[in-house]
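Q: Give me a 3D structure for the following:
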Amino acid sequence: MSDLKITNLHKHYGAFHAVKGIDLDVPSGEFTVLVGPSGCGKSTLLRTIAGLEEASSGKVEIGGRDVTWARPRDRDIAMVFQNYALYPYLNVKENIAFGLRARKFASAEVEKRVARAAEMLGIGHLLQRFPRELSGGQRQRVAIGRAIVRDAILYLFDEPLSNLDAQLRDDMRVEIKRLHQELGRTMIYVTHDQIEAMTLADRIVLLRDGVIEQLGAPLDLFERPSTRFVAGFLGSPKMNFLNATLSPDGVTLADGTKLSLPGRKTSKAGQAVILGLRPQHIAMAGKTVAPGHERVPVTIELVQPTGSRVQVTMPLGGTSIVAELAAHDVSRPGEKTHIDIDMTRAVIIDPTTEKVI
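A: The predicted model follows:
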């Protein structure tokens, strides 16, 4: 049974149609990430699930129960907000325990649940401190602790890491992933950060303009995008897009470069297409050309080291593309070399519909 079932959900703000007929089933125990650019409707969808926004039409079911018009407190959910929402006049222990005390839990049960949450999140030594005495990462742990003591059916996270610096975001991603594995509960997580989405999700729901553009396992969306939008949104550095023309066994780029498409035959030779190449599928030329790869000469334009990897910009097909290479593969701009492109992983897109062919 699904812990969350959304049927034909719409949300209007006056004339603005924020959520447009979304259908979504989230199985019990799944970590689902709602991702997309700003204004795509992901936070509105989450807040409608929580009951903080009223649906214009459609149905929301949690644990098999219709909660479309139920109050937030009656939905058996726990939510972690972007801004922590801690009570400044309560210490950490009382912040975590607040919801339990409001529901008249016995003191012994409150103590037990708070202690377990604090241990899981590594904040046992902070229980007597107040929010003003905590770092951003510690405050976020307290906010998560307040949610997990609820023992809810469904846990909702609304961009909980967006206020943290890069290192803290990395650390907290690990904590949230571990927490999901330990609790085994259904979690819905909203983010605009596609790296967070890829690393955390069992399944990604990619939204665009209030509708679901594509949903599936992170690797499915990364390797088998259904549209140009999906292909360009997921992955860092983002996918390269080149104008091309189909030939019987490959494509011809705008500068005349011919590339084969192994195993793909087409009867639409001459059709204009967009060729999508991920930076991770481009490598420096080896001693031999691997099956399904194409070797082309290039001149390095720009080198951006990122540690163990380097992002290299070079001209190809009348535009500039980016390849992600090992740190010592390229030494300087202006270097003339060859690259091998894995054409078995190439994506072909119809420029009119922007759908992957």
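Q: Would it be right to say that Leu4 lies in a helix?
A: No - assignment of Leu4 by DSSP: H, G, I helix; E, B strand; the rest coil gives strand, placing it outside any helix.
Q: So Ala254 sits against Pro315, correct?
A: No - counting by CB atoms under 8 Å, Ala254 stays clear of Pro315, with 11.0 Å between them. Yep, even glycine has a C-beta here, placed from its N, CA and C like the rest.
Q: can you count the residues close to Ile188?
A: Ile188 is flanked by 26 other residues according to other CB atoms under 10 Å.
Q: ok, residues contacting the one helix or strand it maps to?
A: Using DSSP states H and E, Ile188 sits within strand 186-191. With CB atoms under 8 Å, 6 or more residues apart in numbering as the test, strand 186-191 has contacts from 3-4, 26-35, 42-43, 46, 49, 153-162, 176, 180, 196-197, 200-201.
Q: mind running it again at 6 Å?
A: Contacts of strand 186-191 from elsewhere in the structure, counted by CB atoms under 6 Å, 6 or more residues apart in numbering, are 3, 26, 28-35, 42-43, 46, 154-159, 180, 197.
Q: Just the buried residues from the residues you listed, in ChimeraX please.
A: This is how ChimeraX selects the buried members of the contacts of strand 186-191, with burial counted by 16 or more other CB atoms under 10 Å:
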select :3,26,30,31,32,33,34,35,42,43,46,154,155,156,157,158,159,180,197
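Q: In this structure Glu301 contacts Val312, no?
A: No - judged on CB atoms under 6 Å, Glu301 makes no contact with Val312 at a distance of 8.2 Å.
Q: more crowded one of the two?
A: Val312 (27 against 15).
Q: Each with direction, which strands does the one helix or strand that one maps to pair with?
A: Secondary structure from DSSP H and E places Val312 in strand 309-316. Strand 309-316 pairs in its sheet with strand 302-305 (antiparallel), strand 319-326 (antiparallel), by DSSP bridges.
Q: What average pLDDT does it get?
A: Averaged over strand 309-316, pLDDT sits at 94.
Q: For it, buried residues please.
A: Buried-residue list, strand 309-316, by 16+ other CB under 10 Å: 309-314, 316.
Q: Make CSV from those and add distance to Tyr87 to it.
A: CSV is the format used below for the buried residues of strand 309-316 (distance: CB to CB, whole Å):
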residue, distance to Tyr87
Arg309, 44
Val310, 47
Gln311, 45
Val312, 50
Thr313, 50
Met314, 55
Leu316, 56
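Q: of these, closest to Leu126?
A: Arg309 (36.6 Å; CB to CB).
Q: Find the nearest non-adjacent residue to that closest one, please.
A: Glu324 (5.6 Å; CB to CB, 6 or more residues apart in numbering).
Q: pretty sure that neighbour is touching Pro279, no?
A: Yes - look at Glu324 against Pro279 with CB under 6 Å: they come within range, at 4.1 Å.
Q: Once you drop chain neighbours, what's closest to Leu24?
A: For Leu24, the closest residue by CB to CB, 6+ apart turns out to be Ile6, at 4.4 Å.
Q: Please name the residues that touch that neighbour.
A: Contacts of Ile6 (CB under 6 Å, 6+ apart): 22, 24, 60.
Q: do Asp23 as well
A: So Asp23 contacts Thr7 (CB under 6 Å, 6+ apart).
Q: State the helix or strand in which it lies.
A: Here Asp23 sits within strand 16-27, counting by DSSP H and E.
Q: okay, the angle between that strand and strand 186-191?
A: Here the directions of strand 16-27 and strand 186-191 differ by 140 degrees (axes from the mean of the first three to the mean of the last three CA atoms, to 10 degrees).
Q: Kindly reformat the strands paired with strand 309-316 as a markdown table containing mean neighbour count and distance to His293.
A: Compiled in a markdown table, the strands paired with strand 309-316 are given as follows (neighbours: other CB atoms under 10 Å; distance: least, CB to CB, whole Å):
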| stretch | mean neighbour count | distance to His293 |
| --- | --- | --- |
| strand 302-305 | 13 | 23 |
| strand 319-326 | 18 | 13 |
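Q: I'd like the ones you listed as CSV, with mean pLDDT appended.
A: Converted to CSV, the strands paired with strand 309-316 look like this (pLDDT from 0 to 100):
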stretch, mean pLDDT
strand 302-305, 92
strand 319-326, 94
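Q: mind checking which of those strands is nearest Pro218?
A: Across the strands paired with strand 309-316 (criterion: CB to CB), the nearest stretch is strand 319-326, sitting at 17.7 Å.
Q: Run a quick check on Leu161 versus Met172, I expect a contact.
A: Yes - Leu161 is within contact range of Met172, at 5.3 Å (criterion: CB under 6 Å).
Q: Show me which of those two is the more surrounded one.
A: Between Leu161 and Met172, Leu161 has the larger neighbour count (other CB under 10 Å), namely 24 against 20.
Q: Local confidence estimate at the residue lying closest to the more buried one once chain neighbours are set aside?
A: Leaving aside its chain neighbours, Leu161 sits nearest to Arg169 (4.6 Å; criterion: CB to CB, 6+ apart). We have a pLDDT of 85 for Arg169.
Q: Ok, Leu24 next?
A: Leu24 carries a pLDDT score of 97 in this model.
Q: same deal with Arg185?
A: Value for Arg185, per-residue pLDDT: 92.
Q: who does the spatially closest residue to it that is not a sequence neighbour bridge with?
A: Leaving aside its chain neighbours, Arg185 sits nearest to Tyr155 (5.8 Å; criterion: CB to CB, 6+ apart). Assessed by DSSP bridges, Tyr155 has beta-bridge partners Ala78, Met187.
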